[in-house]
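In: Next come a sequence and a model predicted from it.
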Amino acid sequence: MSRRAQLTVLLLVLGLAVAVAGVVYWWAFSTKGYTQRITLPEATQGYVLPTVRGDSRLPLVVIDAGHGGHDPGAAGQGLVEKNLVLKLALALRDQLEKDGDVRVALTRDDDRYLLHSERFEIARRLDASLFVSIHADSAGDASDVAGASIYTLSNEASSEAAARFAERENASDRVNGVELGDQSDTVSNILVELSQRRTQEQSGEVSRLILREGREVGLGFHPQPQRSAALKVLRAPDVPSVLFESGFITNKDEAARLSSPEGQRRFAETMARAIRIYFARQKES
């Protein structure tokens, strides 16, 4: 049995265990004369695989616009993260299609909500060659904080800031304190341990290429641009995955750049160039 098949079986077994636990939880409360009801987002009802655009012989890049639906993400300077990152994702998709070197699919192309597990599972089910999740950050009242950063997956956060970011991003799968995903932290750690070392190495190479290409065109990066953390959305064990934190929308200059057509064009061209170089190297190796 292949590694991917083994992981699929593991997820199915664990999902069944979670369902049984839910029945027991309901029974325990209902026998006391009351039942707790929680309205869950539509995403928990399942998802439809997106359309893949491009030549079937080319590698596939799945682009994930973070947040969406009931989850707006960060806010600042009149911008809402879920809307901004969707525009960035669409710009990158259009640029990749224009270049013609890869196939492209979006986890969402409208204002819908998806669980973290659904996002990376879309990439797995489509047999993607690369998964790129796009986000934007907030620094609250610290409006001078600026700079993009690139995250890869790790059980150990690269810094306290990375750990806080992961906790905040992972929490978007909760409603009223209830975990909507079907994977506990223990399961997530198992998946990380099962992931192939080469997958993590490839993710790191994508991160380095984004940083190199971005610096060459003056794309502003945080002083600590390459980070790692236990981000749920990056937990596809067999698909190289990165999360690009495009900047701080609480910073006036950065918000203006990211929301402008010119800024989105520069972002898309830089990311597309890094992706193109990555696949060229993969072909040579």
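Out: Sure thing, it's come through. Only a predicted model underlies this, so the values are computations on that prediction, with no experimental measurement involved. Residues are numbered from 1 along each chain as shown.
In: wait, residue 62 sits on residue 108?
Out: No. Residue 62 lies out of contact with residue 108 (CB atoms under 8 Å); the separation is 10.9 Å. Where you see a C-beta, it was placed from the backbone N, CA and C, and this is true even at glycine.
In: Give me the more crowded residue out of these two.
Out: residue 62 (28 against 24; other CB atoms under 10 Å).
In: what kind of secondary structure is that one in?
Out: Here residue 62 is recorded as strand under DSSP: H, G, I helix; E, B strand; the rest coil.
In: Show me the beta-bridge partners of it.
Out: residue 105, residue 131 (DSSP bridges).
In: Now for it: which residues touch it?
Out: Taking CB atoms under 8 Å, 6 or more residues apart in numbering, we find residue 62 in contact with 104, 105, 106, 107, 122, 123, 126, 128, 130, 131, 132, 239.
In: What is the nearest of the residues you listed to residue 217?
Out: Of all those, residue 132 has the smallest distance to residue 217: 17.9 Å, by CB to CB.
In: Could you report the neighbour count for that closest one?
Out: Residue 132: 24 neighbours (other CB under 10 Å).
In: shouldn't it be in contact with residue 271?
Out: Yes. Counting by CB under 8 Å, residue 132 touches residue 271, with 7.3 Å between them.
In: Helices along the stretch 1-150 of the chain, start to end?
Out: 3-30, 81-99, 116-125 (DSSP state H, counting those that start in this stretch).
In: Considering these, which stretch scores lowest in mean pLDDT?
Out: The weakest mean pLDDT among the helices of the stretch 1-150 of the chain belongs to helix 3-30, with a mean of 48.
In: Report the contact partners of the residue lying closest to residue 250 once chain neighbours are set aside.
Out: Computed as CB to CB, 6 or more residues apart in numbering, the closest residue to residue 250 that is not its neighbour in sequence is residue 76, at 3.5 Å. Neighbouring residues of residue 76 by CB under 8 Å, 6+ apart: 138, 143, 248, 249, 250, 251, 255.
In: what does residue 268 give?
Out: 88, 91, 92, 94, 95.
In: Most neighbours among those residues, which one is it?
Out: Counting by other CB under 10 Å, top hit in the contacts of residue 268: residue 92 with 26 neighbours.
In: before we move on, what SS does the closest residue to that one other than its chain neighbours have?
Out: Nearest residue to residue 92, sequence neighbours excluded (CB to CB, 6+ apart): residue 268, at 4.6 Å. When classified by three-state DSSP, residue 268 comes out as helix.
In: Could you measure from residue 268 over to residue 244?
Out: Separation of residue 268 from residue 244 (CB to CB, to the nearest Å): 11 Å.
In: Number of residues surrounding residue 136?
Out: Neighbours of residue 136 using other CB under 10 Å come to 30.
In: pretty sure it contacts residue 74?
Out: Yes. Residue 136 lies in contact with residue 74 (CB under 8 Å); the separation is 5.9 Å.
In: what is in contact with those two at once?
Out: Joint contacts of residue 136 and residue 74 (CB under 8 Å, 6+ apart) are 81, 249.
In: Strands along the stretch 51-200 of the chain, start to end?
Out: 60-65, 75-76, 79-80, 103-106, 130-137, 148-153, 174-175, 178-179 (DSSP state E, counting those that start in this stretch).
In: Send me the fourth one as CSV with only the CA atoms.
Out: Included here for strand 103-106 are C-alpha records, laid out as CSV according to Å, rounded to 0.1, in the frame of the first residue of the first chain:
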residue,chain,number,x,y,z
ARG,A,103,-1.6,24.1,-14.5
VAL,A,104,-3.5,26.1,-11.9
ALA,A,105,-6.4,25.6,-9.5
LEU,A,106,-7.9,27.7,-6.7
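In: helices or strands next to it in the packing?
Out: Here strand 103-106 touches strand 60-65, helix 81-99, going by 3 or more CB pairs under 8 Å, 6 or more residues apart in numbering; DSSP states H and E.
In: so which helix or strand takes in residue 224?
Out: Residue 224 is part of strand 221-229 when elements are defined by DSSP states H and E.
In: Low-confidence stretches in the stretch 101-250 of the chain?
Out: 156-196 (pLDDT under 70).
In: swap the cut-off to 80 and go again
Out: 155-197 (pLDDT under 80).
In: Residue 270 contacts residue 219, doesn't it?
Out: Yes. Contact criterion CB under 8 Å: residue 270 and residue 219 qualify, at 5.6 Å.
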